[in-house]
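# Okay, sequence plus prediction incoming.
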Amino acid sequence: MVCSLGWELMGNQLLEPTELSLRTVESLQLPSSPTLPHLISAVERAYGKPLEFDEVADDVLADGVTGRWVDLPDRGFIQYRRGHAFWCRHVILHEFGHILLGHKGEPADGLQSAGFFSGVGKRRGISWMCRPAAIPLEEAELAAENLAYALAQRLVTGQDACVSDAERIFGL
């Protein structure tokens, strides 16, 4: 049976793939039924560096932050909060969105990486606002989220049957 794979509601808006998300997913040249390891390899090829993943305790990331990507000279580092495996996968896909869209990872040098500003403005996002990026925060987050859903969609496209939208989205 072939599933009709619609897009989920985000708030009151229907989340539809943007042209940019569709082009980005297509550029990865994934196999017809990709797995998460296929996707990781494709993102590493596009990024040009290996990626490392670290599940961290709640107190490691700022309040309200579920994951982060740090762009190091020789690799990328993705941290994500502990949680259900399917939720963690979505957080990682969101960080892949930032990588594939060319958003800036947190700088790996200077005072910020030394933790000098680690206690400043966590609740109000000041450390994010001070990052070196040419794209506004809201626009970057929406684009990364849209791409995360497009990547999740691509991961489940090859499945034979879908029981529910939740199972489709979370790969159950």
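Everything's here; your move.

# For the rest of this, base every contact and every neighbour count on C-alpha atoms.
Noted.

# Name all residues that make contact with the residue nearest to L39 when sequence neighbours are not counted.
Nearest residue to L39 in three dimensions, chain neighbours excluded: L30, at 7.1 Å (CA to CA, 6 or more residues apart in numbering). Contacts for L30 (CA atoms under 8 Å, 6 or more residues apart in numbering) come out as H38, L39, A42.

# Recalculate using a threshold of 10 Å.
With contact set as CA atoms under 10 Å, 6 or more residues apart in numbering, L30 has these partners: H38, L39, S41, A42, R154, L155.

# Report the two of those separated the most.
Spanning the widest gap among those are S41 and R154, at 14.7 Å by CA to CA.

# Flag every buried residue along the top helix by length along the chain.
Scanning the chain for the helix with the most residues, using DSSP state H, yields helix 137-156. Buried residues in helix 137-156, defined by neighbour count with 16 or more other CA atoms under 10 Å: 140-141, 143-156.

# by contact count, what packs against that helix?
Under the contact criterion of 3 or more CA pairs under 10 Å, 6 or more residues apart in numbering; DSSP states H and E, helix 137-156 touches helix 19-27, helix 36-47, helix 85-100, helix 165-170.
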